[in-house]
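Visitor: missing the sequence, but the structure's below:
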């Protein structure tokens, strides 16, 4: 919650929580509409369609079809990668 106070200055805890929830809701809405969400110096989120494939039940060994579905993909920015890799 310290991050919210730092980022949103004079907002109360409830106001900053509401603001974060509103931002996340906008992100979910954009992703649901098939848009890519880019956050500067952090990365981008997008949706990828996965096709049907055959899987295997690890307990029984029986082949089971895995249905087509959408998955969320996160691609970190070079800035984020560099910050993470420079810390020791």
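Guide: All right, it came through fine. From a predicted model like this one, the values you see are computed outputs, not experimental measurements. Numbering: from 1, shown residues only.
Visitor: the helices in this protein, which residues?
Guide: 2-8, 13-32, 78-86 (DSSP state H).
Visitor: for residue 55, find the nearest of those helices.
Guide: Nearest of the helices of the chain to residue 55, taken as Cβ to Cβ: helix 13-32 at 25.2 Å. Quick note: C-beta positions are derived from backbone N, CA and C, even for glycine.
Visitor: would you map out the domains in the protein?
Guide: The record's domain split for the chain, according to automatic domain parsing, is 1-35, 38-88.
Visitor: need the ones you listed in CSV with mean neighbour count, can you?
Guide: CSV is the format used below for these (neighbours: other Cβ atoms under 10 Å):
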stretch, mean neighbour count
domain 1-35, 12
domain 38-88, 10
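Visitor: mean pLDDT lowest where, among the helices of the chain?
Guide: Out of those, helix 2-8 stands lowest, with a mean of 56 (criterion: mean pLDDT).
Visitor: quick check: most distant residue from the centroid of this structure.
Guide: residue 60 (33.3 Å; Cα atoms, centre = their mean).
Visitor: can you pull the pLDDT of that residue?
Guide: The model reports residue 60 with a pLDDT of 95.
Visitor: and it, its phi and psi?
Guide: phi -100, psi -20 (degrees, to the nearest 10).
Visitor: residue 46 against residue 73, yeah?
Guide: Yes: Residue 46 lies in contact with residue 73 (Cβ atoms under 8 Å); the separation is 5.1 Å.
Visitor: contacting residues around the closest residue to residue 37 other than its chain neighbours?
Guide: Nearest non-adjacent residue to residue 37, counting by Cβ to Cβ, 6 or more residues apart in numbering: residue 45, 4.5 Å away. Contacts for residue 45 (Cβ atoms under 8 Å, 6 or more residues apart in numbering) come out as 27, 31, 36-37, 72-74.
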